[in-house]
Structures are given as C-alpha cells and as structure tokens.
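quick one: sequence and predicted model below, then my questions.
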Amino acid sequence: MSPYAHITGWGMAVPERVMTNDDIAKMVDTSDEWIQSMTGIRERRIANDEQTTASLAADAARKALNVANLKPADLDLIIVSTSSPEHTFPSTASLVQDRLGAYKAGAFDLLAACTGFIYGVKLATDSIRADAIKNALVIGAETLSRLVNWNDRNTCILFGDGAGAFVLQAAEDTGGVLSSVLRSDGSGAELLSLPGGGSRYPTSPDTLKNGMHYIQMNGREVFRFATRVMAQATEEAVEKANITMDDIHLVIPHQANKRIIEAAARGMNIPIERCYMNLDRYGNTSTASIPIATCEAIQQGRIHPGDKIVFVGFGAGLTWGAAVALWSGPLTTRRIIYPARYRFYARLRSILLRWLRRIDAIIWGRYHNSG
Ligand code: COA
C-alpha cells in the first residue's frame, strides 16, 4: 500500500519590524480607516537589512523540523515556494538547504505566486505517495516589501514579509493530505505581475524608468477572480477527498483580503468563523500566508489531530488551488534531536565546502597547467 503524506511539522518566521497603516499613510495618500475597511489589514511585518527570503525560510524550516523531531539530514526534498527569490538563480531552496545542512536533500524553487504553497504541498505529497521519498520540507517565503513600489497606494498597502514551513512525512496510517486541486489560467497573466527583470524585459534604464521592477496589479479584476475561484476549488478538493463541507473543521484561506475570505465563506456555505484569519496583523504574505496562518491556528488551539482542514489559495498566473488534509501532528516516534548543533554543523560544513572547492581548484589548475 502506498504511504500517506502526513503533515508532521510546522513553523513560521516573521520580521520583528511592524509597519502600521498609519505608517503607510505617511508615505502615500491613504488612511488606516480606508485600508482596514477595504482589506481588513491593520499592520504587516517588514524585513530588516539582514533578513532575506532564505533567512526567513530557514528560520521557519528549523522550527518545523523541531516540531517533527527530524534532523536536517533526514530530509529528501526541499521545495521553496516564493515570488521574491534571492536571485533568478541559484534557487533560494539551495541556499536554504545549505543553511540547514540538509546534505541528502534535493532542493528547488517553485513559482506559482500566492498559490505556490499549495502547489508545493501537492508535489511533496505525490512524491511521498509514490514512495519516491520519505521526508519533505515545503516552505513558503517572501520579502515582497522589496518588490513593492512604496509610492503606489494601490499595492503597497497590501503586502508583508514572512515565511512558513511544513514537514511532510511518509506513514502507513490513513491521513495527511487527502486530496488537492491545482489550476492555472495564464490568460489573466497581466492582472498581477512583476514584468521587468526577467528574460522578456531584462533590466534596462527603460524598465527602471517605467517601474517595471515593481509589482503591478489590477486590484478590481484580481478581487473578482479570487471570489469566484476560492469556493469552487474548495468544493472540488472536498469532493475529491470523498467528504462534504460539513466534515471540514477549519478552512485556512490565503490571507489577501478579509472581504475576499468573507465572500468565499458565503460561496462555500459555511459560517465565517470556520475560516481562519490573521491578515489583520501580517497583511498578504503571498505564498507564506497559508503556513503562517496554520501555525497561528495551531497555537490558538483551532486545529487538533483528527480534524479535517482545507487550505485554499489564489494568486498571480493566474493560479489557484486547494488541498484537504486530515490533521495528524508529529509522528509518535519521538527522537532526540539537537537543533543548535545542526545549525553550527551546517555553518561549518558550508565554510569547509567552500574552502575545499578553492583548494581543489588550485590543485586541479596546477595539474592541468603542468600537463
Ligand atoms: N487609499 C485610499 N483610497 C484608495 C486607495 C488607497 N490605498 N487605493 C485606491 N483608492 C481609491 C481610488 O482612487 C478610488 O477612488 P475614486 O472612487 O475617487 O476614483 C477608490 O479608492 C476605489 O478604487 P479601486 O482601485 O477601484 O478600489 P477597489 O474597490 O478595487 O479596492 C483593493 C482596492 C486593492 C483593496 C481591492 O481591489 C483588492 O483587494 N483587490 C484584490 C487584490 C489582491 O488581493 N491582490 C493580491 C492577490 S494574491
């Protein structure tokens, strides 16, 4: 029998710096009242100069590994979902793999915007269900504050920085991720985009002058699209799991806008109390929002082993998707792990590998020059 993919660890990391709506009102023509009434957002977190997408991702990942009682070396796969990678390449996932010291893991980035975390969970689940891997780490991480035009009141009020992570592990018991639905409609690509800096519009004085290195959005159209697809994807995923909405204990939606979530709850025919929300404190952290919300829902006692949970999101692409999970928590096999030690070893290992590579290059150069 193929193993199930259980969610056995979770962790989140958000910057300490808080930016309130009043702070934003000092930069653009807006107000706390307008932002709260139109979005539900009160404040968001903004990365400091030392914090990056990889550093936030690694912090969230370490916490998730602790919860799962897992060593970094136990990981087979690391997926980092992000729209604000550190570079075009190398992948942020490889940087995270190095920071963790997960030397037996493959690592890659995934770009499906705010839906990316659900895509990542689906890929990790399928790899586990196919018995190809045992332990996966899926991270959603963003520093969108660096891609936002702080003079554009249409977008700068919405986004925040942060990271969240899940550990998924193979186990024989029925549970974990039961079903998922992934969708895309690229005909809506221009509704939410960051057009500059890629191969289509490489960075140039013109792209900079036209602000193409900033997030561009048609808010109204994105709003309409979101309210349409959230309920639809949830219903499909629930049906695929052979259960009904009555069996669902909690829906964890992408935290973009309170009004979108309220509309989605109406579409799903469930009371709003069954949809978890924390966007008032973090804004839209894009692909990080679902795992961050999950961590806080657990902290607040809103999720227990045996509960059935829906994760549902939407975003640029356009993309959308949903997943249903039977919550299990850490596997019962409690092991002794040494998180502080792993952090030290990972750093040491990274430095040694860099030195070895240099020495190897010198020896290789001598050998070839002498030949
Ligand atoms: N502060 C104050 N007023 C603002 C404003 C702001 N930050 N942004 C727009 N306005 C004004 C507009 O100028 C306009 O004024 P007017 O009627 O005098 O012309 C009015 O508010 C309505 O503007 P509009 O852009 O049509 O607002 P909206 O009702 O679409 O709401 C959003 C704007 C961004 C809140 C809303 O479209 C939204 O949340 N969309 C979804 C975005 C999203 O979730 N993106 C991420 C997806 S992953």
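Noted; the coordinates are in hand. Numbers count the residues shown, from 1 in each chain.

and stretch 301-310, average pLDDT?
Stretch 301-310 comes out with an average pLDDT of 97.

and the helix or strand residue 346 falls within, what does it pack onto?
Here residue 346 sits within helix 339-370, counting by DSSP states H and E. Contacts defined by 3 or more C-beta pairs under 8 Å, 6 or more residues apart in numbering; DSSP states H and E place helix 339-370 against helix 53-68, helix 92-100. C-beta coordinates here come from the backbone N, C-alpha and C atoms, glycine included.

what comes up buried for the last one?
Within helix 92-100, the residues that qualify as buried by neighbour count (16 or more other C-beta atoms under 10 Å) are 92, 93, 94, 95, 96, 97, 98, 99, 100.

from these, which single one is nearest the ligand?
Taking C-beta to the nearest ligand atom as the measure, the ligand lies nearest residue 92 of those, at 19.2 Å.

next, the contact list for that closest one, please.
Applying C-beta atoms under 8 Å, 6 or more residues apart in numbering to residue 92 gives the contacts 53, 54, 57, 80, 82, 85, 86, 109, 141.

give me the ChimeraX select line for the residues you listed, limited to the buried ones.
Buried subset of the contacts of residue 92, written as a ChimeraX selection, criterion 16+ other C-beta under 10 Å:
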select :53,54,57,80,82,85,86,109,141
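
as CSV, the contacts of residue 92 with pLDDT and distance to residue 19 would be great.
CSV is the format used below for the contacts of residue 92 (pLDDT from 0 to 100; distance: C-beta to C-beta, whole Å):
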residue, pLDDT, distance to residue 19
53, 98, 18
54, 98, 22
57, 98, 21
80, 98, 24
82, 98, 20
85, 98, 22
86, 97, 22
109, 98, 26
141, 98, 18
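
what's the closest of the contacts of residue 92 to the ligand?
residue 82 (13.6 Å).

so the closest one versus residue 108, what's the distance?
11 Å (C-beta to C-beta, to the nearest Å).

again, but for residue 25
40 Å.

wait, residue 331 sits on residue 169?
Yes: look at residue 331 against residue 169 with C-beta atoms under 8 Å: they come within range, at 6.1 Å.

anything in contact with each of these two?
In contact with both residue 331 and residue 169: 6, 8, 68, using C-beta under 8 Å, 6+ apart.

now the residues you listed as a markdown table including pLDDT and distance to residue 216?
As requested, these are exported to a markdown table (pLDDT from 0 to 100; distance: C-beta to C-beta, whole Å):
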| residue | pLDDT | distance to residue 216 |
| --- | --- | --- |
| 6 | 98 | 39 |
| 8 | 97 | 39 |
| 68 | 95 | 39 |
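
for those residues, give me CSV that also has neighbour count.
Shown next, in CSV, are the shared contacts of residue 331 and residue 169 (neighbours: other C-beta atoms under 10 Å):
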residue, neighbour count
6, 26
8, 23
68, 27
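
tell me which parts of this protein are close to the ligand?
30, 34, 38-39, 114, 153-154, 157-158, 192, 217, 219-220, 222-223, 256-257, 284, 315 (C-beta under 6 Å from any ligand atom).

if any of these are buried, give me the ChimeraX selection for them.
The buried residues among the residues of the chain next to the ligand can be selected in ChimeraX (16+ other C-beta under 10 Å) with this line:
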select :30,38,39,114,153,157,158,192,217,222,223,256,257,284,315
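
the residues of the chain next to the ligand in strands, which ones?
192, 217, 315 (DSSP state E).

thought the first one was touching residue 315?
Yes: counting by C-beta under 8 Å, residue 315 is a contact partner of residue 192 at 7.0 Å.

run a quick neighbour tally on residue 266.
Close neighbours of residue 266, defined as other C-beta atoms under 10 Å, add up to 13.

residue contacts, it?
Residue 266 neighbours (C-beta under 8 Å, 6+ apart): residue 231.

how does it look with 10 Å?
227, 231, 272 (C-beta atoms under 10 Å, 6 or more residues apart in numbering).

next one: residue 298
Taking C-beta under 10 Å, 6+ apart as the test, what residue 298 contacts is 10, 12, 67, 304, 327, 329.

got it, and residue 73?
100, 101, 102, 103, 104, 105, 135, 342, 345, 346.

cool, and residue 166?
Contacts here follow C-beta under 10 Å, 6+ apart; on that basis residue 166 touches 7-11, 60-61, 64, 67-68, 79, 117, 120-121, 124, 136-140, 177, 290-291, 294-295, 311, 325.

per-residue pLDDT of residue 333, please?
pLDDT, residue 333: 68.

of the contacts of residue 73, select the buried ones using a ChimeraX command.
Applied in ChimeraX, the following selects the buried portion of the contacts of residue 73 according to 16+ other C-beta under 10 Å:
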select :100,101,102,105,135,342,346
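
including distance to residue 247 and pLDDT, could the contacts of residue 73 go into a markdown table?
Output for the contacts of residue 73, formatted as a markdown table (distance: C-beta to C-beta, whole Å; pLDDT from 0 to 100):
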| residue | distance to residue 247 | pLDDT |
| --- | --- | --- |
| 100 | 36 | 98 |
| 101 | 40 | 97 |
| 102 | 35 | 98 |
| 103 | 41 | 97 |
| 104 | 37 | 97 |
| 105 | 34 | 98 |
| 135 | 28 | 98 |
| 342 | 38 | 94 |
| 345 | 44 | 95 |
| 346 | 41 | 95 |
